[in-house]
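Visitor: got a sequence here, can you model it:
(4 chains)
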Protein chains: 2
Amino acid sequence: MNQDDILHALIADNLVSAPDSARGRLLKEAARLFRDKGYERTTVRDLAAAVGIQSGSLFHHFRTKEAILKAVMVETIRLNTALMQAAVDQADGDRAKLRALIYAELESINGQTSEAMSVLVFEWRSLSPEAQEEVLALRDIYEQLWLDVLSRLYETGDVAAEPFVVRRLLTGALSWTVTWYRPGGEMGMSELTDQVMRSLGLTG
Amino acid sequence: MNQDDILHALIADNLVSAPDSARGRLLKEAARLFRDKGYERTTVRDLAAAVGIQSGSLFHHFRTKEAILKAVMVETIRLNTALMQAAVDQADGDRAKLRALIYAELESINGQTSEAMSVLVFEWRSLSPEAQEEVLALRDIYEQLWLDVLSRLYETGDVAAEPFVVRRLLTGALSWTVTWYRPGGEMGMSELTDQVMRSLGLTG
DNA sequence: CGATACCAAGCAAGCGCTTGGTTTGTAAAT
DNA sequence: ATTTACAAACCAAGCGCTTGCTTGGTATCG
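Guide: Purely as a prediction, here's the structure:
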């Protein structure tokens, strides 16, 4: 299963919108606008204009503006959970698994789903508490992947700090790359992954 | 110079507002509201109510709502730059200096100036580009403190990754603590600092 | 023919900010 | 000691605009 296969499997199960559907295109544009201007500064008129319809027509596809934000987040988490799962499964050994997770998360944050991942980090507060809870539940599976690997590395002494702390530090460190790292620049994603591994005192 | 002395020196120089002045109280409440609800969701009526005046009276103290956001950020950076400088100066040796910087930043993020630091991280985009540039210039001094220490640790081999990458990873990792770390809980700030040092493969 | 997708128009509410006038604090002049 | 002067701090009211969303109707298409 490569990345495209994973995406299409999710689309087939109706867990993620096809990028060429009306809904998919709207979510893509919404993610871009929310990242660029922030959720609150993005108006329903902006969103409608981005896909070439009238603002009122949006509400045929989504009940509220917030539902759009939520959909962006939910679909992104679903996709990334599947990608992370695959990354872990394919790697041999815990160091390699950790490296695969870091690489996969960097790719989520700085690659194709970059806009949506930014929204997930920086627009979290714009979600109502009820919606936050729902989205949080989806994250749990995903977080467990990290904790399993980090726990084993902690027991072997490869990583000296507590797994759940390391994971949270890494969440911040990797999320933040969106503010300074430029894919396609001097440093490649693989090189950046190496730098992260080295920062953790792990080499190879 | 302890923390209070540093604060009062800045107040004397008119670089930071006194916490008991009208302006200081407004900035404190603004930071809290901006963190809790976000800049856009916080109305001038909210801000005014928080300090017990009419919304129109706000504009006697600040020209625009954005000027309030900017003042929160500027004053916070000024204070924290001074605190970091003191932390570096007081520590002996580069490992100790790094630890002091990490501890000081964790304290900024999770201690007294917590609200304002959150605003600095999560409301950055709400600043106009011109204001962003001004605030960014203030950060440079502060960032140089980190780079000096990290460069020396890189040369001695204590830290295996490039200084500017490590600093940026740390910026993210430490900023993110605001989302999960609770001061006064099980883990103290000093213990958290240790965990960060261990995550970097540094002990003692 | 019925559902799906859309448009044109606009409503009610909330927004940042302005305005004109009043109170309050302070310090010099009487 | 009282008056005068004046600026800083504040209020009450509301203007003009934008916001998310609704409504009633019209294409489009299997």
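
Visitor: which residues touch the residue in chain A positioned nearest to DNA strand D?
Guide: Residue of chain A nearest DNA strand D, by Cβ to the nearest atom of the strand: residue A:56 (2.6 Å). Quick note: C-beta positions are derived from backbone N, CA and C, even for glycine. By Cβ atoms under 8 Å, 6 or more residues apart in numbering or on different chains, the contact list for residue A:56 reads residue A:48.

Visitor: and residue A:4, by the same measure?
Guide: No contacts exist for residue A:4 under Cβ under 8 Å, 6+ apart.

Visitor: the residue of chain A closest to DNA strand D in helix, strand or coil?
Guide: When classified by DSSP: H, G, I helix; E, B strand; the rest coil, residue A:56 comes out as helix.

Visitor: what about residue A:182, which SS state?
Guide: Taking three-state DSSP, the label given to residue A:182 is coil.

Visitor: and it, how many neighbours?
Guide: Residues lying near residue A:182 (other Cβ atoms under 10 Å in any protein chain shown) number 9.

Visitor: point out where chain A drops to low pLDDT.
Guide: By pLDDT under 70, the low-scoring segments of chain A are A:204.

Visitor: spell out which residues of it are next to chain B.
Guide: A:37-38, A:40-41, A:122, A:125-126, A:159-162, A:165-166, A:168-177, A:179-181, A:192, A:195-196, A:198-203 (Cβ under 8 Å from any Cβ of the partner chain).

Visitor: one step back: how near is the residue of chain A closest to DNA strand D to residue A:21?
Guide: From residue A:56 over to residue A:21 the distance is 20 Å, taken as Cβ to Cβ, to the nearest Å.

Visitor: again, but for residue A:37
Guide: Distance from residue A:37 to residue A:21, by Cβ to Cβ: 24 Å.

Visitor: more neighbours: those two, which one.
Guide: Using other Cβ under 10 Å as the criterion, residue A:37 and residue A:21 rank with residue A:37 on top: 14 against 11.

Visitor: give the contact list for the more buried one.
Guide: If you count contacts by Cβ under 8 Å, 6+ apart, then residue A:37 has A:46, B:125 around it.

Visitor: find the nearest non-adjacent residue to the most centrally placed residue in chain A, please.
Guide: In chain A, the centroid-proximal residue (Cα atoms, centre = their mean) is residue A:117; its distance is 4.2 Å. Once flanking residues are discounted, residue A:117 sits nearest to residue A:109: 4.8 Å by Cβ to Cβ, 6 or more residues apart in numbering or on different chains.

Visitor: hang on, isn't residue A:132 packed against residue A:124?
Guide: Yes. Assessed by Cβ atoms under 8 Å, residue A:132 is found in contact with residue A:124 at 7.1 Å.

Visitor: I appreciate the help and will end here.
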